[in-house]
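Novice: Sequence isn't available, so here's the structure alone:
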């Protein structure tokens, strides 16, 4: 019965994603063309030397907002596309650490300490390293954005056995604002967000990428301050 319930939930989720994909694909063409035209004309106005002062600033702000809308549209289109896997032997330590290095300036901007703990050396296993990187950077950016200055972020690597399956487990925790307990099941759903900016696809994309690797991701509100995200990826071959 439990398996049937899980399967039914997965079928409903797939149907929902297919519906989102159809809407996104149909709207993207209608939005992208006029958006490109608006941006092009604003850029022409911005280069006009007769437009100065506050008028120039207003045009520049408009251009940047159109660029932001284009980025949102691209996020929607990427999310609506089926994931194409490029499986290769991957070292999870290298993937996560490379994105930590990439975000070095963001850590420094808030004077955040990041501590990496290796409880177990995780051997290379078959995965799409680029897509796993996208999942990890989304969680790391969330941790940075929710953290107060001079806070700490931890990344722990370990092996976990669950129902005779050996998983590569990566735990990312922070001391930030966390999330409401009532939102625990909602934060991985597309378009759910409590932020003033963003469209709520970051964690939904994390869930999608990890699940296509036959793994799962769990969020936990920490006692006091902060949140932790546990990513579990089976190390057996697909």
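Specialist: Cool, the structure landed. A quick note: this is a predicted structure, and the numbers were derived from the prediction, not measured.
Novice: which residues sit against stretch 124-134?
Specialist: 83, 85-92, 95, 98-99, 168, 205, 209, 212-213, 233, 235-238 (C-beta atoms under 8 Å, 6 or more residues apart in numbering). Glycine gets a C-beta too; all of them are placed from N, C-alpha and C.
Novice: Any stretches of the protein with poor pLDDT?
Specialist: The model of the chain has pLDDT under 70 over residues 1, 6, 9-26, 29, 80, 181-183, 192, 194-200, 237-238.
Novice: Tell me how it divides into domains.
Specialist: 2-80, 88-234 (automatic domain parsing).
Novice: which of the ones you listed is buried the deepest?
Specialist: Of all the domains of the chain, domain 88-234 has the most neighbours on average by mean count of other C-beta atoms under 10 Å, namely a mean of 17.
Novice: what's the distance between stretch 129-141 and the middle of its chain?
Specialist: The gap between where stretch 129-141 is centred and where its chain is centred comes out at 6 Å by C-alpha atoms, centre = their mean, to the nearest Å.
Novice: Kindly report the same for stretch 92-102.
Specialist: With C-alpha atoms, centre = their mean, you get 15 Å for stretch 92-102.
Novice: got a list of contacts for that stretch?
Specialist: Here stretch 92-102 has contacts from 114, 116, 118, 121-122, 125, 127, 129, 132-133, 136-137, 140, 155, 157, 168, 170, 233, using C-beta under 8 Å, 6+ apart.
Novice: at 6 Å what do you get?
Specialist: For stretch 92-102, the external contacting residues (C-beta atoms under 6 Å, 6 or more residues apart in numbering) are 122, 129, 132-133, 136-137, 168.
Novice: Which pair of those residues spans the longest distance?
Specialist: 122 and 137 (18.4 Å; C-beta to C-beta).
Novice: quick revisit: with respect to residue 68, which of the contacts of stretch 92-102 is nearest?
Specialist: Distance to residue 68 across those (C-beta to C-beta) is lowest for residue 137, with 19.2 Å.
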